[in-house]
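Colleague: coords please:
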Amino acid sequence: MLSTRPTTTLGREISELAGKLLDRTAALSVDTQYLAEEAKNGRLTGALKERPDIPGTAEIAERLRGLIEGHPLLAQQAASALSFYSDNRWAGFLRQAEQEEIVAALRDEDAFLQDLRAADEGLRETALLADRIGSASIPRLAGLVDEESYEAIVAGLGKEVASLRREELPSYNKVYHARTADGKNAIVKVTGNALKARIEAAANYHLSRHEKLAPFIAAGLSAEPIPHENLSITIQEEIADARLYGAHHYMAALAHLHAYGKGVLDHESIVVPEWRAKDLELVMAEIDMSEDPRPYRSLSRKYKDLAEEIRRSPEKALLHGDAKADNLRRGRLLDLEGMRIGDPAIDLALYLSTSAVPGGEWGAYVETYLATLCDAIGSAYTTRDIAGLLERVQRVMLVPVIKEYGGLCSRRPRWSAAEERQHALLGQQLRRFR
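Modeller: Predicted structure coming up:
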């Protein structure tokens with residue numbers, strides 16, 4: 001069996017440099033990427049001449065053009081380099097001379113991207129945006145969306161787009177903040193998963209229009225995603241609510257979703273897949289990208305038994321499907337692409353496990369959930385019901401928690417401080433089962 005750890009110091013350096021590459025390209029603003037393209041095709045110079053009142057733009061444009069013209073590797077190429085070189089299995093098959101060449105190339109790319117980031121900061125300082133320089137072109141979605149698809153986004157928003165800004169998230173999607181000419185804000189998501197896009201578009205659109213669910217769901221602007229070749233684009237309102245919401249609020253939000261969600265989508269003939277546990281071998285492979293997975297293999301039988309128990313549970317509702325604390329923000333249930341039909345205990349277990357609520361306090365939050373649910377469906381509950389649901393949530397939590405733990409491990413070493421804390425928290429939760 002091949003080791004997944006770098007076999008040489010150079011192998012480790014390859015992985016670290018490739019990670020830096022992706023971080024640096026991800027940090028570049030959409031405005032810079034747009035202007036870089038304009039610099040390559042020569043349109044930028046003409047646009048800048050129209051706005052001589054903006055100081056420093058000509059110098060920045062020349063710097064950008066010089067950086068871009070002689071350099072083939074931009075964001076997509078950097079991502080490809082990372083996906084290849086950060087898979088440490090390759091390090092063992094490369095001769096030392098080849099590894100040295102890779103390190104030299106990556107160092108060169110890293111220096112280039114530092115220069116480009118400096119240019120990006122200059123652009124921000126001079127407020128050089130597309131709508132300020134009078135260019136007819138608007139920034140595209142970092143090269144992923146062409147003119148036809150961009151026009152579809154404009155049609156979905158109902159207004160001309162003034163700006164697009166990429167949000168850096170631990171996500172397989174590309175997420176952008178869009179602002180229309182009349183000041184309307186929206187979130188635009190681009191994904192290659194058509195099924196998830198269809199579910200999220202339908203959920204945001206229909207659920208947000210239900211009286212009981214509207215306070216907890218971001219409104220979708222279209223019930224269907226916008227197709228573009230092998231991509232799907234969804235658009236929803238951007239939530240500007242800056243108030244702080246606690247765990248009691250989100251437990252009540254999940255109760256509303258579980259009480260009303262399935263009925264709303266059934267009425268619209270929206271088919272949502274049944275919940276299925278992730279294959280444990282895939283989870284182990286993800287953990288193996290960060291640490292030794294062997295301590296978790298002892299959980300295999302328990303995991304499979306619990307997964308089957310959850311699948312057969314008579315309790316069925318529309319689940320959020322990925323109800324970790326990061327997806328429950330600004331008072332809303334966000335990122336609905338993973339919705340499934342299944343046992344509500346899955347959502348409760350993942351949320352409580354990732355929200356840093358002390359285990360001794362889970363009962364109070366389970367009671368909030370149960371009280372809200374029973375009020376919605378018109379039934380009563382007892383202290384025995386609270387104890388029973390709490391015991392169930394604590395028992396099944398292994399299944400969603402180890403899945404989330406594997407996902408975190410697969411993104412290392414590019415962790416944020418929040419992800420570092422989440423990794424430690426979930427690891428602590430998993431030790432209860434080992």
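Colleague: quick one, strands of the stretch 201-350 of the chain?
Modeller: Under the criterion DSSP state E, counting those that start in this stretch, the stretch 201-350 of the chain contains strands at 226-228, 231-237, 317-319, 328-329, 332-333, 340-342.
Colleague: in a markdown table, list those strands along with mean neighbour count, mean pLDDT and distance to residue 298.
Modeller: In short, each C-beta sits where N, CA and C put it, glycine included. Output for those, formatted as a markdown table (neighbours: other Cβ atoms under 10 Å; pLDDT from 0 to 100; distance: least, Cβ to Cβ, whole Å):
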| stretch | mean neighbour count | mean pLDDT | distance to residue 298 |
| --- | --- | --- | --- |
| strand 226-228 | 18 | 79 | 45 |
| strand 231-237 | 23 | 87 | 40 |
| strand 317-319 | 25 | 98 | 28 |
| strand 328-329 | 20 | 92 | 31 |
| strand 332-333 | 24 | 96 | 34 |
| strand 340-342 | 20 | 96 | 26 |
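Colleague: pLDDT weak spots in the stretch 101-250 of the chain?
Modeller: Scanning the stretch 101-250 of the chain with the threshold set as pLDDT under 70 gives 101-164, 166-173, 229.
Colleague: which parts of it are helices?
Modeller: Secondary structure of the stretch 101-250 of the chain (DSSP state H, counting those that start in this stretch): helices at 147-157, 194-207, 247-267.
Colleague: please apply the same query to the stretch 251-400 of the chain.
Modeller: 280-288, 294-297, 300-312, 345-354, 362-377, 383-396, 398-410.
Colleague: count the neighbours of the residue lying closest to residue 200 once chain neighbours are set aside for me.
Modeller: Closest residue to residue 200 apart from its sequence neighbours, by Cβ to Cβ, 6 or more residues apart in numbering: residue 337 at 4.0 Å. When counting by other Cβ atoms under 10 Å, one arrives at 25 neighbours for residue 337.
Colleague: list the buried residues for stretch 389-407?
Modeller: Going by neighbour count (16 or more other Cβ atoms under 10 Å), the buried part of stretch 389-407 is 389-390, 392-407.
Colleague: residues in contact with it: which ones?
Modeller: Outside of stretch 389-407, the residues within contact range by Cβ atoms under 8 Å, 6 or more residues apart in numbering are 277-278, 280, 282-287, 296, 299, 302-303, 306-307, 309-310, 324, 343, 345-346, 348-350, 352-354, 359, 362-363, 366, 369-370, 423, 426-427, 429-430, 433.
Colleague: just the buried ones from those residues?
Modeller: Neighbour-count burial (16+ other Cβ under 10 Å) is assigned, among the contacts of stretch 389-407, to 277-278, 280, 283-284, 286-287, 296, 299, 303, 306-307, 310, 324, 343, 345-346, 348-350, 352-354, 362-363, 366, 369-370, 423, 426, 429-430, 433.
Colleague: how long is stretch 270-281 end to end?
Modeller: Taking Cα to Cα, to the nearest Å, stretch 270-281 runs 31 Å from one end to the other.
Colleague: any buried residues in that stretch, and which?
Modeller: Neighbour counts over stretch 270-281 (16+ other Cβ under 10 Å) mark 270, 272, 275, 277-278, 280 as buried.
Colleague: which one of the strands of the stretch 201-350 of the chain lies closest to residue 263?
Modeller: Nearest to residue 263 among the strands of the stretch 201-350 of the chain is strand 317-319; the distance by Cβ to Cβ comes to 8.4 Å.
Colleague: re the thing from before, can I get the buried residues of stretch 270-281 in TSV including distance to residue 258 and pLDDT?
Modeller: Output for the buried residues of stretch 270-281, formatted as TSV (distance: Cβ to Cβ, whole Å; pLDDT from 0 to 100):
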residue	distance to residue 258	pLDDT
270	16	93
272	13	93
275	13	94
277	19	93
278	21	89
280	26	88
